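A.B. asks: this one's structure only:
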Ligand code: GLA
């Protein structure tokens, strides 16, 4: 609900459990007065106190009043150069060379439904309401529209800013954040999700220290190293208690999320496109819209915050053109790498079909002269040496086994050893006069250019139309370097990083629109582009190249803070694991993969009859329980790294649940432990695995008595149904 109190200059946004308030003050400066547990419509600016603070300057309107300073007041959208020395949200370079922006409130608009952002991902849907606040810097002739989307039932508030040039000359944007959030106190922890290739999104929590702490990416993608989702929480906050704020950026390129603990123990979170090599020209009369940011506040811990984000993503962001159960898949990568022919693939598919697998995914190596990762990218035609009859011959045979067929592509890339590169060497991002910087021996296509995207679209379309293809894995296997486009003049090269992302979104949108029957899974060397922006186009993302069940516990745990299980591609692979050489029981690998979009990534022809029996059983179980993982609520029951890691998927009506648990390395004579299962209904009785039944309150507050699980990395699945 959006409430406007004209008399007091207040804008109050209410969701079911939260309130967010702004105030236009006597100088028409837009202050941020509150974000937290739901309150009434009272004027919360009474919480703001004024004092003469040394070296905190006073804006023109305040004259010689030394107690009024932008340096100490909570701002809704901070600017540079006019007396607020904390993190700026907006920094412009004006035609006279100055970097000063002074925004003043000029009006507002209320719009039915949720705003949309052309060319960028955004939450959508009927449930949303929009408030647009209009600000202006009259001297600079610049307007800023702050857009707010309110999704009451999800406690979700979205934001984006539009910067408009009202003057006669071009202006340059050096920084334009999507979100600025000022807090009256800094006694909070900052939580971010960090890692590396094959070890993404491991949670890190630390108290705010004086100055700025930030995470971000300058790799051209959101990255394996840091995720565009961060949290601030009270020092005591945990899974089920305490205050916490989650902030997510719907963006797949360079980002920055900085928090500043100020001299007066306030703090500010600013999140948006990373200002590194970002400079965007806006011509007279034109505008620039930032990516969207989304906020959820929870006053009962992390779990509730995550479930609100999950539901919002599932119902108002992820455009799933294959709603319902996703086919259980087998992917050829870890089974065959580049070394296969039709016969090998059909053998693999035959084994898979017998086990109940429903989708066969042909990974890298099917196109051009792609026999290793040294060549072939960009040549999107079938390699007839490996697949003599092409997909036209292969796919019907796979379909005849009762399986769907899926294909891997990496549209943004080109190998130097390819027909495409030989024909269009200028189609890559590369600074003239330099040796190209290679990553995985490949170069990045200049997706800022329409003709490049059009070409790739045509080539891949031809393949998609040649056979019955129902799934695409869209990969992206390197970071951007030498970011320079032959399509833009020197003074506009600062637009390339962002235009690249817009180009990727544009092409994804075309495939989404033109091939509604195809399910697209995102991937970037595993989870190098696992962000809310991508989820708008690809309803699921390959979570990590690391398929080791134990490492996956941390990766999937970290990922689950923002993103729902139904978005995480998770597969069972062979042991010892390719990435870390660890061996875990097949049952455990199944338990962990079932916490996401389930599949296999191994040579099924090399499995023993006992293993095949286990696999067939896993697939049956998944087919029975899938809706809990796909649509249920997710509860983290422990943190990884303890004696065990446990989690639960619980149906919305709380009548069914799947609880999973994996133990760590074994020890002699372990203690008995009880597993407390939150999220159940205390008054219901749950029958567990068709045997004994337990009262909900007992399971929630006293716990389920765990058997002694001896041996390294054992696992357990408890399927519960209310009687
Ligand atoms: C990336 C992906 C893998 C696989 C390979 C193929 O690393 O994450 O799953 O598709 O590329 O080259």
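C.D. replies: Yep, it's here. This one's a predicted model, so the numbers in the text were calculated from it and none came from an experiment.
A.B. asks: can you tell me the element the closest residue in space to residue 700 that isn't next to it in sequence falls in?
C.D. replies: Distances taken as Cβ to Cβ, 6 or more residues apart in numbering put residue 680 closest to residue 700, at 5.3 Å, once the chain neighbours are dropped. No exception for glycine: its C-beta is placed from N, CA and C like everyone else's. If you go by DSSP states H and E, residue 680 is not part of any helix or strand.
A.B. asks: pretty sure residue 680 sits against residue 686.
C.D. replies: Yes. Contact criterion Cβ atoms under 8 Å: residue 680 and residue 686 qualify, at 6.7 Å.
A.B. asks: got any residues that touch both of the two?
C.D. replies: Here residue 680 and residue 686 have 657, 696, 699, 720 as joint contacts, going by Cβ atoms under 8 Å, 6 or more residues apart in numbering.
A.B. asks: returning to what we had before: the residue nearest to residue 700: what's it in contact with?
C.D. replies: For residue 680, the contact set (Cβ under 8 Å, 6+ apart) comprises 650, 654, 657, 686, 696, 699, 700, 720.
A.B. asks: wait, a strand at residue 623?
C.D. replies: No. Using DSSP: H, G, I helix; E, B strand; the rest coil, the assignment for residue 623 is helix, not a strand.
A.B. asks: measure it to the ligand for me?
C.D. replies: 24 Å (Cβ to the nearest ligand atom, to the nearest Å).
A.B. asks: before we move on, back to that, state the pLDDT value of the residue nearest to residue 700.
C.D. replies: Predicted confidence (pLDDT) for residue 680: 98.
A.B. asks: show me which residues of stretch 420-433 are buried.
C.D. replies: Buried residues in stretch 420-433, counted by 16 or more other Cβ atoms under 10 Å: 420, 421, 424, 427, 428, 429, 430.
A.B. asks: restricted to helices, list those residues.
C.D. replies: 420, 421 (DSSP state H).
A.B. asks: let's have the buried residues of stretch 420-433 in TSV, adding distance to residue 627.
C.D. replies: Output for these, formatted as TSV (distance: Cβ to Cβ, whole Å):
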residue	distance to residue 627
420	43
421	46
424	47
427	45
428	45
429	43
430	48
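A.B. asks: got the contact list for residue 351?
C.D. replies: By Cβ under 8 Å, 6+ apart, the contact set of residue 351 is 604, 605, 607.
A.B. asks: three-state assignment of residue 407?
C.D. replies: State at residue 407, reduced to three classes by three-state DSSP: strand.
A.B. asks: surely it and residue 367 touch.
C.D. replies: No. When contacts are counted by Cβ under 8 Å, residue 407 is not listed as touching residue 367 (9.0 Å).
A.B. asks: identify the contacts common to those two.
C.D. replies: residue 463.
A.B. asks: helices and strands of this protein: which one bottoms out on pLDDT?
C.D. replies: Ranking every helix and strand in the chain by mean pLDDT, DSSP states H and E puts helix 333-336 at the bottom, with a mean of 92.
A.B. asks: that one packs against which elements?
C.D. replies: Here helix 333-336 touches helix 342-355, strand 597-601, going by 3 or more Cβ pairs under 8 Å, 6 or more residues apart in numbering; DSSP states H and E.
A.B. asks: how about these in JSON lines, adding mean pLDDT and distance to residue 590?
C.D. replies: Formatted as JSON lines, the helices and strands packed on helix 333-336 follow (pLDDT from 0 to 100; distance: least, Cβ to Cβ, whole Å):
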{"stretch": "helix 342-355", "mean pLDDT": "97", "distance to residue 590": "12"}
{"stretch": "strand 597-601", "mean pLDDT": "97", "distance to residue 590": "8"}
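A.B. asks: among those, which is nearest the ligand?
C.D. replies: strand 597-601 (7.8 Å; Cβ to the nearest ligand atom).
A.B. asks: got the contact list for that closest one?
C.D. replies: Under the criterion Cβ under 8 Å, 6+ apart, residues 326, 328-331, 333-335, 352, 357, 359, 361, 521, 540, 547, 566-573, 593, 615, 622, 626, 629 lie in contact with strand 597-601.
A.B. asks: cutoff 7 Å now
C.D. replies: 326, 328-331, 333-334, 357, 540, 547, 566, 568-573, 622 (Cβ atoms under 7 Å, 6 or more residues apart in numbering).
A.B. asks: what of stretch 370-385?
C.D. replies: 338, 364, 366-369, 390-391, 410, 413-415, 417-421, 440-442, 459-460, 463.
A.B. asks: so where does the nearest residue to residue 645 once chain neighbours are set aside fall, helix or strand?
C.D. replies: Using Cβ to Cβ, 6+ apart and skipping the chain neighbours, the partner closest in space to residue 645 is residue 553 (4.6 Å). Residue 553 is part of helix 549-559 when elements are defined by DSSP H and E.
A.B. asks: other SSEs contacting that helix?
C.D. replies: strand 199-207, strand 568-573, helix 586-593 (3 or more Cβ pairs under 7 Å, 6 or more residues apart in numbering; DSSP states H and E).
A.B. asks: in the shortest one, what counts as buried?
C.D. replies: Of the residues in strand 568-573, those scored as buried under the neighbour-count criterion (16+ other Cβ under 10 Å) are 568, 569, 570, 571, 572, 573.
A.B. asks: can you count the residues close to residue 258?
C.D. replies: Using other Cβ atoms under 10 Å, residue 258 has 20 other residues around it.
A.B. asks: was I right about it contacting residue 215?
C.D. replies: No. Residue 258 is not in contact with residue 215 according to Cβ atoms under 7 Å; the separation is 8.2 Å.
A.B. asks: what ranges do the helices span in the stretch 401-550 of the chain?
C.D. replies: 419-423, 450-466, 496-514, 532-537, 549-559 (DSSP state H, counting those that start in this stretch).
A.B. asks: circling back to that earlier point, export the helices and strands packed on helix 549-559 as JSON lines, with columns for distance to residue 235 and mean pLDDT.
C.D. replies: Below are the helices and strands packed on helix 549-559 laid out as JSON lines (distance: least, Cβ to Cβ, whole Å; pLDDT from 0 to 100):
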{"stretch": "strand 199-207", "distance to residue 235": "7", "mean pLDDT": "98"}
{"stretch": "strand 568-573", "distance to residue 235": "30", "mean pLDDT": "98"}
{"stretch": "helix 586-593", "distance to residue 235": "32", "mean pLDDT": "98"}
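A.B. asks: relative to the ligand, which of these is closest?
C.D. replies: Per Cβ to the nearest ligand atom, nearest to the ligand of those: strand 568-573, 8.9 Å.
A.B. asks: now residue 198. Nearest residue, chain neighbours left out?
C.D. replies: Sequence neighbours aside, residue 546 is the residue nearest to residue 198 in space, at 4.1 Å (criterion: Cβ to Cβ, 6+ apart).
A.B. asks: hang on, isn't that neighbour packed against residue 199?
C.D. replies: Yes. The pair residue 546 / residue 199 is scored as a contact, 6.3 Å apart, by Cβ under 7 Å.
A.B. asks: can you check which residues contact both of these two?
C.D. replies: Common contact partners of residue 546 and residue 199 (Cβ under 7 Å, 6+ apart): residue 555.
A.B. asks: burial count for the residue in the stretch 101-250 of the chain positioned nearest to the ligand?
C.D. replies: Nearest to the ligand, among the residues of the stretch 101-250 of the chain, is residue 197, at 8.5 Å (Cβ to the nearest ligand atom). Residue 197 is flanked by 18 other residues according to other Cβ under 10 Å.
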